[in-house]
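Q: Have a look; sequence and predicted model below, questions after that.
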Amino acid sequence: MNLKNLQAKIRVLNEKTRPHYRLYSQTEKEILTKTVKLNEEVGELCNDILSILKLQRRSKLEKFDKRNIYEEFADVIITTIQLAQAAGVNIERAVGDKLKKIEEKYIKKR
């Protein structure tokens, strides 16, 4: 199969499987935007982790500044909190509940 045939097949598939979206509310747009932004920030953090481990390509390693990883962690945390707020999630409760589950699973079993 060549690329032209593949594109034609995908075009037909898209027409049959395309979701029918209604207009998004402002809240839904904010949630979607923050979700995409969070993925961007996590990707940047992953790049820095790869650089610290010297698993990044040479051109990126040459530009890498170790101090930048602090900013990337902060970006992930801030964007996560922004997404939680947009989605109406009480982040303090969510983290507290999750820590409780983790403690029950791993700490109290000892």
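A: Perfect, I can see it now. All values reported here derive from a predicted model rather than from experimental measurement.

Q: what mean pLDDT does the helix or strand encompassing residue 39 have?
A: Assigned by DSSP states H and E, residue 39 belongs to helix 26-52. Per-residue pLDDT over helix 26-52 has a mean of 95.

Q: And it, what's buried?
A: 30-31, 34, 37-38, 41, 44-45, 47-48, 51 (16 or more other Cβ atoms under 10 Å). For the C-beta atoms, the positions are set from N, CA and C on the backbone; glycine is no exception.

Q: Would you map the helices across this structure?
A: 3-17, 26-52, 58-63, 68-86, 91-102 (DSSP state H).

Q: Which among these is found nearest to residue 108?
A: With Cβ to Cβ as the measure, helix 91-102 is the member of the helices of the chain nearest residue 108 (10.1 Å).

Q: what sits up against the closest one?
A: Here helix 91-102 makes contact (Cβ atoms under 8 Å, 6 or more residues apart in numbering) with 80-81, 84-85.

Q: quick check, distance from it to the centre of its chain.
A: Relative to the centre of its chain, helix 91-102 is centred 20 Å away, using Cα atoms, centre = their mean, to the nearest Å.

Q: and if you look at stretch 77-84?
A: 11 Å.

Q: Any regions of this structure where pLDDT drops low?
A: Low-confidence segments of the chain, defined by pLDDT under 70: 109-110.

Q: Quick check, central residue of it?
A: In the chain, the residue lying closest to the centroid (Cα atoms, centre = their mean) is residue 39, at 2.5 Å.

Q: Kindly provide the distance from that residue to residue 45.
A: For residue 39, the distance to residue 45 equals 11 Å [Cβ to Cβ, to the nearest Å].
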